[in-house]
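Novice: Quick one: sequence plus predicted model below, questions after.
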Amino acid sequence: MTRFRLHPSRAQEAVMFGHCAQARHAWNLAWEVNSTYRKGGSRTTRPARYAGMAAMLTEVRRTPTGDLATEEADYFAWVASGNAEVQQQALRDFDQALVNFFNGTHGYPKRRKKHRHEGFRVIGTDRVPARTADGEPVLNAKGKQVMSRAVRVEKLNRKWAHVKIPGCGWVKFRNTRRELPDAKTFRVTCRAGRWYISFAVRPGPTDAPGNGETVGVDRGVVITAALSDGQVLNCPQLTVKEHAQVRKHQRRAARAP
């Protein structure tokens, strides 16, 4: 990611703090729902994923407030007044955190706290033709051009540029790169009273370090690959957790009728 320093106005800063509160609230609601599944659910109970949580969010935003108490009506009105895109991207972030937890690469996601987790993610609103790595246009099944979303960024001068944030309009940031970022999404964070924006930019392909030499490869079972220059390559083995899962399924299969 490429990160830049944001310089919003007072009014824009107030709107972005509201986006942070909405994103944090959506994340914590998803955390509470999935924590309830983990504590009270059985082995067959599946946690709520993005589609289910997004449906819950839509239901909350469409709840009429006429017959509710004052506190409940204020709560539902506050949720409905928030930016739907910011809330949905927070749910997507939580769903990705669950995927990382299930894959064993990260721990279980935690609750987000005020003044500590101030940030939100937004997907671009501009539409540009999608292209492959070779520059060829991407076509759908009907042969039409596929349009992808992109962030709206414009350059003001050599040192400054601005980006369009929902609800805030154009916000200036300090451009410390030669070229403007070509990204699909961006994340806005507040740290120590300063605002930053990070663009999710895909890095370009890296050429392999070729020296003109030819190396033969012999693939095997015990040894994954033996090279003609004397090197021996082996695939990584299972971890301790993966070995335990294999033994558990082997015991279960041995007792199965």
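Specialist: Nice, I can see it.
Novice: ok so Thr63 is a strand residue?
Specialist: No - read with DSSP: H, G, I helix; E, B strand; the rest coil, Thr63 is coil and lies in no strand.
Novice: Check the gap between Asn100 and Leu29 for me.
Specialist: Asn100 sits 19 Å away from Leu29, taking CB to CB, to the nearest Å as the criterion. For glycine as for every other residue, the C-beta is placed from the backbone atoms N, C-alpha and C.
Novice: Who has more neighbours out of the two?
Specialist: It is Leu29, of Asn100 and Leu29, that has more neighbours when counted by other CB atoms under 10 Å, with 19 against 14.
Novice: Tell me which helix or strand that one sits in.
Specialist: helix 10-40 (DSSP states H and E).
Novice: For that helix, buried residues please.
Specialist: Going by neighbour count (16 or more other CB atoms under 10 Å), the buried part of helix 10-40 is 12-13, 15-16, 18-31, 34.
Novice: Walk me through the regions of the stretch 101-250 of the chain where pLDDT falls short of the threshold, as ranges.
Specialist: Along the stretch 101-250 of the chain, segments meeting pLDDT under 70 span 133, 203-205, 209.
Novice: Which parts of the stretch 51-200 of the chain are strands?
Specialist: In the stretch 51-200 of the chain, the strands defined using DSSP state E, counting those that start in this stretch lie at 119-123, 126-129, 147-150, 153-155, 160-165, 169-174, 185-191, 194-199.
Novice: How far away from the center of its chain is the helix holding Leu29?
Specialist: Helix 10-40 sits 15 Å away from the centroid of its parent chain (CA atoms, centre = their mean, to the nearest Å).
Novice: what's the answer for stretch 174-185, then?
Specialist: Per CA atoms, centre = their mean, the centroid offset for stretch 174-185 relative to its chain is 19 Å.
Novice: and what of stretch 219-234?
Specialist: Worked out by CA atoms, centre = their mean, stretch 219-234 lies 38 Å from the chain centre.
Novice: Mind exporting the C-alpha coordinates of that stretch to CSV?
Specialist: Taking C-alpha atoms only, stretch 219-234 is exported to CSV below (Å, rounded to 0.1, in the frame of the first residue of the first chain):
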residue,chain,number,x,y,z
ARG,A,219,11.3,-34.1,-9.9
GLY,A,220,10.8,-36.9,-7.4
VAL,A,221,8.7,-38.2,-4.5
VAL,A,222,11.1,-38.2,-1.5
ILE,A,223,13.0,-35.2,-2.9
THR,A,224,10.8,-32.7,-4.5
ALA,A,225,13.3,-31.4,-7.0
ALA,A,226,17.0,-32.0,-7.6
LEU,A,227,18.8,-29.4,-9.8
SER,A,228,21.7,-30.1,-12.0
ASP,A,229,23.8,-27.6,-10.2
GLY,A,230,23.6,-29.7,-7.0
GLN,A,231,20.8,-27.9,-5.2
VAL,A,232,18.0,-29.9,-3.6
LEU,A,233,14.5,-28.4,-3.1
ASN,A,234,11.9,-29.8,-0.8
